[in-house]
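In: Sequence first, predicted model second:
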Amino acid sequence: MDFQDVVRTRRMVRAFTDRPVPRDVVARILGNARRGPSSGFAQGFEFLVFDGPEQTARFWGYLRSRGEDDSDELPVMAAPLIVVPVANADAYVRRYLEPDKVHVGRTSADDWPAPYWFTDTAFAAMLILLTAVDAGLGAYYFSLGPTSREIPGFKTAFGIPEPFHPIGAIAIGYPAPDRPSPSLRRGRRPPEDVLHFGEW
């Protein structure tokens, strides 16, 4: 698929069939995710992968065990592949203490102008979304709970150690008919409101 078509047609798909994703496509999605850019080539992102009905059932079982109303989630639960991108701040701190980077002066996570571990993990997540579209699949990025308070429980349930931080989850599979998000009615902001050349 042409790259512009991938970008133009990418959307959040909220309903899937249970048709398995071919092994080579799963490998391509995960391989491309690992090719995301990262500051100092620290590569401080990893992925918790739920592949196939047994593993995805465990993922959804945990989310449903929280007792929240999940009626809107039912169509997405058929997705045969779920990827949770996980950021690691310590990988960046360690990298910038190495001889070729120590001069920058980033000796703790508080020294960074922005939390690049989240930025780079989001880059990796976008590569997952785009690769899914290129492979003829749909994908849906969603949070692991309404607030950050849900993250520690998720980490404990799936053995994610400190200092790793999951940023969300991506359901991937063959799209089923779904309803577009009502938020799309807002429309895309016009270029003159978004693009600022030379100064704001």
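Out: Ah, there it is.

In: so what's residue 150 up against?
Out: By Cβ atoms under 8 Å, 6 or more residues apart in numbering, residue 150 lies in contact with 66, 144. C-betas here are computed from N, CA, C, even on glycine.

In: does it count as helix, strand or coil?
Out: With DSSP: H, G, I helix; E, B strand; the rest coil as the basis, residue 150 sits in helix.

In: From residue 77, how far out is it?
Out: For residue 150, the distance to residue 77 equals 18 Å [Cβ to Cβ, to the nearest Å].

In: try residue 129
Out: To residue 77, residue 129 is 19 Å away according to Cβ to Cβ.

In: and the two? which has more neighbours close in?
Out: It is residue 129, of residue 129 and residue 77, that has more neighbours when counted by other Cβ atoms under 10 Å, with 23 against 18.

In: Return the set of buried residues in stretch 107-123.
Out: Neighbour counts over stretch 107-123 (16 or more other Cβ atoms under 10 Å) mark 112, 116, 117, 118, 119, 120, 121, 122, 123 as buried.

In: For the nearest residue to the second one once chain neighbours are set aside, list the residues it contacts.
Out: Nearest non-adjacent residue to residue 116, counting by Cβ to Cβ, 6 or more residues apart in numbering: residue 39, 4.4 Å away. When contacts are counted by Cβ under 8 Å, 6+ apart, residue 39 is found next to 92, 95, 116, 119, 120.

In: out of those, which one sits closest to residue 43?
Out: The closest of the contacts of residue 39 to residue 43 turns out to be residue 120 (Cβ to Cβ; 7.9 Å).

In: What strand or helix carries that closest one?
Out: Element membership for residue 120, per DSSP states H and E: helix 116-134.
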